[in-house]
Every structure is written in structure tokens, then in C-alpha cells.
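Participant: next input, structure requested:
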Amino acid sequence: MLKRIFDIFFSLIGLILLLPFFLFISILIIIDSKGGVFYKQVRVGKDEIDFKLFKFRSMRTDSDKKGLLTVGGRDSRITRMGYYIRKYKIDELPQLINVLLGDMSLVGPRPEVRRYTDLYNDEQKKVLSVKPGITDYASIEYSNENELLGKADNPERVYIDEIMPAKLKLNLRYIQEQGLLTDVKIIIKTILKILS
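Facilitator: Down below sits the predicted model:
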């Protein structure tokens, strides 16, 4: 209950304070390429229930039909503006809407697409017992994930065999340690990571 109050309060404050910035980014996205401002993708949430995750659009329209993973600087689907909003994690900010709606928390395991959650073993599926979040231990540890995939000969294989299991291990650690103080610590670490 306390976590939900924390989520509602800070997501609402965040959306109000960031509204002028959201409008500015929206204008830049519209000028830069054809398509809408937001990108909505179906992700798997708590108790394996699907929801639509909001992001600022950083790729050309229908790019997800060419693959679900983005692979660093060599991914031609990313727009000019998209490169920068991804680099500084600005594309993730509209997920404050998901937090306000109750689909997500500020902190929790990053939500995946069903194609990958279907590969989870029973232990890994425990991450689906809590609300997904905007940030977590794995987001901090793998902030350079796109670059790692960009260096791989087979990005999807590397993601499934190496990165995804490592991230899920960190997600399970979060579930064991979860609490308001842990969430505050992760939020501060995330902000410092972005600024650095």
C-alpha cells in the first residue's frame, strides 16, 4: 500500500513537472520523422497480465516488425532524435503514465515482451509476481545493453543466453530486498548513472 502511494505521488509530481519538457520532446520527434509521438508496446506485467507500455518513439514507424531488440549504434531503425532520447533514457519517461495507471511501479523488474517471458524457467518466473518498474538493479547494471548487443554477431542469441539470465538474477535479488528504502536507493543510483 505504501509503495502504491509512493508511486502515485511521485509519478504525478513527475508528470506535472515534466509536462513542458514532454511537449518540447514531442515537437522534436514530430519534426524529426513521420509517425506519432508515443510508441506503445505490449509487455508482460504482474501475474503475467499484458499491458501497453508507453515510450517516446525513437524508431521509425513499424520498426518492431523487423525485430524486438535494438542493437547499438548500427541499428538503422533508430531516428536521429531517437539516438539521443535513448542515450539519456528520455524515451522511458512516459512510463510515468503506466505507473500512475497502476500497470507499473517506479522501481521493479523491467517488463519484457511475451516472446522472452515464455522462455523463463520456474525460478525466473518469480519476477512476474511483482509489478514491473521503470528502473531496477538490472537497468543500472546493463545501461549499455544496446552497445553490447551491437557488438554481437547474433544479438538475439546473446540476449537470450547471456544478458537475459543475468538481468533476471538481478531482478530476483530485487524481489528479496524490495522495500521503500531499496526503491529510493535504486532511483538515486539510476539518476547518478544517467548523469554520468
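
Participant: going by C-alpha atoms from here, please, whenever you check contacts or count neighbours.
Facilitator: OK.

Participant: show me what counts as buried in stretch 127-134.
Facilitator: V127, L128, V130, K131, P132, G133, I134 (16 or more other C-alpha atoms under 10 Å).

Participant: same question but for stretch 136-146, I mixed them up
Facilitator: In stretch 136-146, counting by 16+ other C-alpha under 10 Å, buried: D136, Y137, A138, S139, I140, S143, E145, N146.

Participant: all the strands of this protein, residue numbers only.
Facilitator: 38-44, 50-56, 105-107, 133-135 (DSSP state E).

Participant: which among those is found nearest to I5?
Facilitator: Smallest distance to I5 across those (C-alpha to C-alpha): 10.3 Å, for strand 105-107.

Participant: helices or strands up against the closest one?
Facilitator: helix 2-32, helix 95-101, strand 133-135, helix 180-195 (3 or more C-alpha pairs under 8 Å, 6 or more residues apart in numbering; DSSP states H and E).

Participant: in a markdown table: these, plus mean pLDDT and distance to G108.
Facilitator: Conversion of those to a markdown table gives the following (pLDDT from 0 to 100; distance: least, C-alpha to C-alpha, whole Å):
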| stretch | mean pLDDT | distance to G108 |
| --- | --- | --- |
| helix 2-32 | 96 | 11 |
| helix 95-101 | 98 | 11 |
| strand 133-135 | 97 | 4 |
| helix 180-195 | 92 | 8 |
